[in-house]
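>>> here is a sequence with its predicted model. Questions after.
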Amino acid sequence: MKKINLAVTGCMGRMGQHIIKSAKIDKNFKLVTLTENKRINKKISGIKINLNTEHAFKNVSLIIDFTTPKCTFQILKIASKLKKRVVIGTTGFTKNEEKLIKKFSKKIPILKAGNMSLGINLLMYLTEIASNSLGKKFLSKVYEVHHKHKKDYPSGTALMLGRGIAVGKNKNFYNLLGKKFLNKKTFPYGNKINFNSIRKGEIIGEHEVKFSSGKEIITLNHEAFDRALYSEGALLAAKWLMTKRPGLYSMRDLMNFK
């Protein structure tokens, strides 16, 4: 297999660093471009850090993006013009921004996931099944824990799981979006989906979905111990996306869930 010429945006960030490390080990990839949204006079693995420009992405096959929504759209505009594939791990998009990403996917293949872990994506699938099977008598809520450096809340993964609950109920996720708590010891179930986010220490990621009828509670959970599972998942997504036509894909498509 010909090596995939890879660009990593947000290369100085936590995920950017892990993707670079994993890509150097994976023989399917050749690191070609590293970018940041501000000038940095530094090289990583002999590669100069560039700004997000057409010139920077000209010779790449695929871009892996873990940045911010504003930066992601800057990258998508360039990728769309140059016809480059993009794997998006950025989180925190608004409803309108999600629609805009779908528009870009009509021109280029995009795989977008709030979490690149195979285990988390299985958890979402199980959440949909549980939500559908348990029905209206069960209320639900989502709990997540991340390191103290993470700014956005709820996490993209928590919102993914909330969306899984909504899909199971055949409801619009945004109509079911409940209260968003931060660092609360306890938080309530509700007719809508409530979220509680804990930010402490250097925890990589814990996610939990609970369903309660008042008489019993069903809990689905996932705990991450090594950040490499996210970078390796992103590289797996990149390899998979190389054979796809323009469209918006997810890890669910990669894992061939129904």
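That came through, no problem.
>>> okay, CA-based contacts and neighbour counts for the rest of this
OK.
>>> any idea how far residue 149 is from residue 91?
Distance, residue 149 to residue 91, by Cα to Cα, to the nearest Å: 15 Å.
>>> of the two, which one has the most company?
Between residue 149 and residue 91, counted using other Cα atoms under 10 Å, the more crowded position is residue 91 (22 against 11).
>>> I'd assumed residue 153 was in contact with the more buried one.
No: assessed by Cα atoms under 8 Å, residue 91 is found out of contact with residue 153, at 9.8 Å.
>>> please, where are all the strands along the stretch 1-150 of the chain?
4-9, 29-35, 43-44, 47-50, 62-65, 85-88, 109-112, 139-146 (DSSP state E, counting those that start in this stretch).
>>> after the longest one, next one along is what?
Tracing the chain C-terminally past strand 139-146 and defining elements by DSSP states H and E, one meets helix 156-169 next.
>>> okay, buried residues for that next one please.
Neighbour-count burial for helix 156-169 flags 156-169 (criterion: 16 or more other Cα atoms under 10 Å).
>>> tell me what it is packed against?
helix 118-134, strand 139-146, helix 173-176, strand 205-212 (3 or more Cα pairs under 8 Å, 6 or more residues apart in numbering; DSSP states H and E).
>>> tell me the mean pLDDT over the second one?
Average pLDDT, strand 139-146: 97.
>>> tilt between that strand and helix 156-169?
160 degrees (axes from the mean of the first three to the mean of the last three Cα atoms, to 10 degrees).
>>> for strand 139-146, packing partners?
Using 3+ Cα pairs under 8 Å, 6+ apart: strand 139-146 touches helix 156-169, strand 193-199, strand 205-212.
>>> looking at these, which one has the lowest mean pLDDT?
Of all the helices and strands packed on strand 139-146, helix 156-169 has the smallest average pLDDT, which comes to a mean of 93.
>>> that helix: how far from the chain's middle?
Computed by Cα atoms, centre = their mean, to the nearest Å, the chain-centroid distance of helix 156-169 equals 13 Å.
>>> restrict that helix to CA atoms and write it as PDB.
Provided in PDB are the C-alpha atoms of helix 156-169 (Å, rounded to 0.1, in the frame of the first residue of the first chain):
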ATOM      1  CA  GLY A 156     -18.000  16.000  22.500                       C
ATOM      2  CA  THR A 157     -18.300  12.400  23.600                       C
ATOM      3  CA  ALA A 158     -20.900  13.100  26.200                       C
ATOM      4  CA  LEU A 159     -23.000  14.900  23.500                       C
ATOM      5  CA  MET A 160     -22.500  12.000  21.200                       C
ATOM      6  CA  LEU A 161     -24.000   9.700  23.900                       C
ATOM      7  CA  GLY A 162     -26.800  12.200  24.400                       C
ATOM      8  CA  ARG A 163     -27.500  12.000  20.700                       C
ATOM      9  CA  GLY A 164     -27.500   8.200  21.000                       C
ATOM     10  CA  ILE A 165     -30.300   8.400  23.600                       C
ATOM     11  CA  ALA A 166     -32.300  10.700  21.300                       C
ATOM     12  CA  VAL A 167     -31.800   8.400  18.300                       C
ATOM     13  CA  GLY A 168     -33.100   5.500  20.400                       C
ATOM     14  CA  LYS A 169     -36.200   7.500  21.300                       C
END
